[in-house]
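Participant: Sequence first, then the predicted structure, then my questions.
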Amino acid sequence: MFLALRELVFARGRFALMGAVVALIAILMVLLSGLSVGLANDGVSGLQRMPVTSLAFQEDVSKDSAFSRSVVGENAVESWSKQDGVAEAEPFGNTLVNARTDKGLEIDLALFGVEVGSFLDPDVAEGSPIAGEGEVVVSGTAAEEGVKIGDTVVLQPSGTELKVVGVLADQHTFGHVDLGYIALKTWQEIRAGVRAGDAVPDRVYDEFTAVAVKAEDSAEVDLAAGDEAAGTTSLTREESYGGSPGYTAETSTLQLIQGFLYAISALVVGAFFTVLTIQRRQEIAVLRALGASTGYLLRDSLMQSIVLLVASAGIGIGIGLAAGAALATTSMPFALEAGPVIGATVLLLVLGLAGAAVAVVRLTRIDPLTALGGSR
Amino acid sequence: MTAVLSLSDVTLLHGDGDETVRALDSVSIEVAEGELVAVVGPSGSGKSSLLAVAGALTTPTSGQVRLGDVDLTTASPRELTRVRRQRIGFVFQSGNLVPALTSLDQVRLPLTFGKVADARDPRELLAEVGMEHKARRRPHELSGGERQRVGIARALVTRPEVLLVDEPTAALDRRRSQEVVGLLAREAHEHGVASIMVTHDHDVLHHCDRVLEMVDGRLGPVVAESV
């Protein structure tokens, strides 16, 4: 480190430029990480917070539109209940609606229809859980937008009225829309487009979106066998995220950007240290002639890149976290989680160091003979 | 006096096939403790090759190079690095100092490469070459002669048995050339360092104990009119 530290100080302008690039990449990575977690939350937090292990949709339904197109019946629920390892199986309905509260607030809702009192019926943070038809429990984020307990939500254009009786803790959203949990029967009427007072055909009450399956603790449910018996197509909870509108497109775009960012950081750091090593050719030849071993030179240069990377990534992440904390308070879908940020940091450092290592290995090929003669 | 450094019948070939160049042709030389030997000769005559072989930077094609009890032609690369670190000092053209280091750090640098028994005190050494007043300056703030003085201090800090000097006056004016070579001769004599100096500069040869000439890879006594 004798030489490495003195060079960092001596060529501080040059190293500061490189450090600024790494710091900017680190800021961008923190922000992208927050954005992808935020977007994922906005897209599927409602599904993430459901106590299910898998969802059984209509047979051969396309995965992308499973939530909007799938229709299954009561017999599928019965079949799934009997499967080995299944603790509970309940009907589950999903539909997106436009609504307006009696206070004039316009709001979009993803309505999840569940049997009252079933394992899907969520615990509320405020108010009371749904007790029967015509009641709705909304996401904490809907409450933040101004929906209050006691409000009446009027669905457009059917005019169906839902009374807000409870608010869930935290964010429950699906496809960037706030969730409302309602009784399955109400959900079935809304889906069928039944208006108040209309006669309802019986089959309406036998149809819903999917069977929500909860496995017994530590049990592995054979989804293929269950699908075979019930005539359904199962998606695990994680697989079902892809059925949330826009989820796959958003996450894959962000992953692509992040992937490029990692590659860029490795290449930029590698290019910088390559140029630096080439520039130091004569100097390194002199050091070798004076008896510096290859190990000494490698250690010295690698320590230099570690100091540069850790310091600049640290500064960048600090700034990124500060900016992220500010963003998280806005309506932007942004959420910082320790896991992804730590993962991104480690990846940035490891790839940067790999880039530096490839460059620094060059100095093992510098011949100490270069030190002799009138090359300078 | 016994020879510290001895080359016997050393030949070094460069290139391969038809393009083979005989950089050193059956060169033999012995340098004793405290002796400063100058090697003159035209460009491309093999002077630098002589330093490369004597300094364990290149292994000759044939012949033997001995530094004290070590045969440099059969030693491992690791061993050669150790020999360079502990027993050989190099002074390069225009100093070849590390741009980032102050004069004092230049002199301390060789001591960071690994263990050196009985190293000299960098500060004292810097004072001895008359550079203590610029201990905190970096190479770009020094004149050519000053750089060369720091380079000499750097070469001597490990108390080497052998000092190899490559064109030390190439970038210096007359007066500074005299000063620098005078300093080299004094250090060689006082500290008993077996030294070889390669040079173009015939005005500094009176500082040296012996002058040899290199022509086309052959080392021999100086032909009269060239001195």
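Facilitator: Received the coordinates, thanks. Residues are numbered from 1 along each chain as shown, chains lettered A, B, ... in the order given.
Participant: Poorly predicted segments of chain B, please.
Facilitator: B:1, B:16-17, B:224-227 (pLDDT under 70).
Participant: quick one, what contacts residue A:104?
Facilitator: Counting by CB atoms under 8 Å, 6 or more residues apart in numbering or on different chains, residue A:104 touches no other residue. (Each C-beta comes from the backbone N, C-alpha and C, glycine too.)
Participant: how much space between it and residue A:166?
Facilitator: With the distance defined as CB to CB, to the nearest Å, residue A:104 ends up 22 Å from residue A:166.
Participant: Residue A:272 reaches residue A:15, doesn't it?
Facilitator: No: between residue A:272 and residue A:15 there is no contact under CB atoms under 8 Å: 9.0 Å.
Participant: Count the neighbours of the residue in the stretch 101-250 of chain A that chain B sits nearest to for me.
Facilitator: Chain B sits closest to residue A:250 of the stretch 101-250 of chain A, with a gap of 47.8 Å, by CB to the nearest CB. For residue A:250, the neighbour count with other CB atoms under 10 Å in any protein chain shown is 19.
Participant: That one contacts residue A:41, doesn't it?
Facilitator: No: here residue A:250 does not reach residue A:41: they are 11.3 Å apart, not a contact under CB under 8 Å.
Participant: anything in stretch B:87-105 near chain A?
Facilitator: Yes: shown here: stretch B:87-105 in contact with chain A (CB under 8 Å from any CB of the partner chain) through B:88, B:90, B:92-94, B:96, B:98-101, B:105.
Participant: of those, buried ones?
Facilitator: Buried members of these, counted by 16 or more other CB atoms under 10 Å in any protein chain shown: B:88, B:90, B:92-94, B:96, B:98, B:100-101, B:105.
Participant: Out of the residues you listed, name the ones that lie in strands.
Facilitator: B:88, B:90 (DSSP state E).
Participant: re earlier: going by distance to chain A, which of the residues of stretch B:87-105 next to chain A wins?
Facilitator: residue B:100 (3.6 Å).
Participant: OK, contacts around that closest one?
Facilitator: A:3, A:6-7, A:9-11, B:138.
Participant: For ChimeraX, write a command that selects the buried ones of those residues.
Facilitator: The ChimeraX command for the buried members of those (criterion: 16+ other CB under 10 Å) is given here:
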select /A:3,6,7,10,11 /B:138
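Participant: Turn the contacts of residue B:100 into TSV, including secondary structure and distance to residue B:36.
Facilitator: Output for those, formatted as TSV (DSSP: H, G, I helix; E, B strand; the rest coil; distance: CB to CB, whole Å):
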residue	secondary structure	distance to residue B:36
A:3	helix	31
A:6	helix	33
A:7	helix	34
A:9	helix	38
A:10	helix	34
A:11	coil	37
B:138	coil	30
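Participant: and the residue nearest to the spatial centre of chain B, what element?
Facilitator: By CA atoms, centre = their mean, chain B has its centre lying nearest to residue B:164, at 1.3 Å. Residue B:164 belongs to strand B:162-166 when assigned by DSSP states H and E.
Participant: Downstream of that strand, the next helix or strand is which one?
Facilitator: helix B:174-191.
Participant: wait, does that following helix contact chain A?
Facilitator: No: applying CB under 8 Å from any CB, one finds helix B:174-191 separated from chain A by no less than 15.7 Å.
Participant: how far off strand B:162-166 does that helix point, in degrees?
Facilitator: Counting by axes from the mean of the first three to the mean of the last three CA atoms, to 10 degrees, helix B:174-191 lies at 170 degrees to strand B:162-166.
Participant: list the buried ones in helix B:174-191?
Facilitator: Across helix B:174-191, burial judged by 16+ other CB under 10 Å covers B:176-181, B:183-185, B:187-189, B:191.
Participant: same deal with stretch A:15-35?
Facilitator: A:15, A:18-19, A:21-23, A:25-35.
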